[in-house]
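> Generate coordinates for the sequence data below:
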Amino acid sequence: MRAIAVSPRLLVVPAVLLGAAGAILWGIDQSAEGERPLIDVVQEKFDLDTAKGKFTGPLGDFAVYSRVGDDAPESTIECDSPSIRETVLGPDNLRGHELWSEVFGPVAFGVLCDGELIILNNGLEAVDGAQSIAIGYFTSATVPAVFDAPRDRLELIEIDGHPAVIEHALEGVPFARSSLVVIARKPSDGTPGIVAYVNLAESSTAAVELAKRMIP
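The predicted model follows:
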């Protein structure tokens, strides 16, 4: 195995765009901000948010990359050869491992390298409103985090004493989502760190609560 800085590139659709798309699906409605159609209000919020630019760069224990493009590095321990990369399915094969928690559900799967679990996620089943969750090992000095937000929607927080960065949903946009990355354990003395991801949760509060259930 070669150690490199869990893949942050788990999010394909920006949370803001999900919100805008949701507003379109709802159609023209009266907003709380007056008689303007809801879609106009949403579009204005989206345009103002976009005009701020997407933040990238160092942020606390993290390195923030944009979802657009392929510049974000992978962050899990990877296998040198796909031939020794295995997939293990289902809770019965994953329970008892330090990365496992019951929040991952019945269709969870893990990736093994040389017979050792390096990352697991919830598979195709949403978890308590979040599109996906994942947890795995890392060895890098900083943890890559892939977001699609200006600096004012990114916040460094702590979750039960663990450093985290959260992307807050765009306020006032229907169906907008929140994502976060939390360092459950930092690497030390040859022991890899553990990083957990919550992707596209229904709210910042929901994302934090999911993360708490994942931290070993």
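
> can we go C-alpha only for contacts and neighbour counts from here?
Noted.

> Following the chain past the helix or strand of the chain with the lowest mean pLDDT, name the next helix or strand.
Ranked by mean pLDDT, DSSP states H and E, the helix or strand of the chain with the weakest confidence is helix 15-26, at a mean of 47. Moving toward the C-terminus from helix 15-26, the next helix or strand (DSSP states H and E) is helix 38-51.

> how about the CA coordinates for that following helix, as CSV?
What follows is helix 38-51 as a C-alpha-only set of coordinates in CSV (Å, rounded to 0.1, in the frame of the first residue of the first chain):
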residue,chain,number,x,y,z
LEU,A,38,-39.9,32.2,-5.3
ILE,A,39,-37.8,31.2,-8.3
ASP,A,40,-36.6,34.8,-8.7
VAL,A,41,-35.7,35.0,-5.0
VAL,A,42,-33.7,31.8,-5.2
GLN,A,43,-31.9,32.9,-8.4
GLU,A,44,-30.9,36.2,-6.8
LYS,A,45,-29.5,34.4,-3.7
PHE,A,46,-27.7,31.9,-6.0
ASP,A,47,-26.2,34.7,-8.1
LEU,A,48,-25.0,36.7,-5.1
ASP,A,49,-23.4,33.5,-3.6
THR,A,50,-21.7,32.7,-6.9
ALA,A,51,-20.3,36.2,-7.3
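
> can you give me the offset of that helix from its chain's centre?
Mean-position distance between helix 38-51 and its chain equals 24 Å (Cα atoms, centre = their mean, to the nearest Å).

> Mind giving me the packing neighbours of it?
If you count contacts as 3 or more Cα pairs under 8 Å, 6 or more residues apart in numbering; DSSP states H and E, helix 38-51 packs onto helix 15-26.

> How confident was the prediction at the residue lying farthest from the centre of the chain?
Computed with Cα atoms, centre = their mean, the maximum C-alpha offset from the centroid of the chain is found at residue 35, amounting to 35.9 Å. pLDDT, residue 35: 72.

> With the one 3 residues further on instead?
On the pLDDT scale, residue 38 is placed at 82.

> likewise residue 85?
63.

> can you check residue 13 too?
pLDDT, residue 13: 41.

> Would you mind listing where this structure has pLDDT under the threshold?
For the chain, residues meeting the criterion pLDDT under 70 lie at 1-34, 68-85.

> which ones are touching residue 156?
Residues counted as contacts of residue 156 (Cα atoms under 8 Å, 6 or more residues apart in numbering) are 59, 60, 163, 164, 165, 166.
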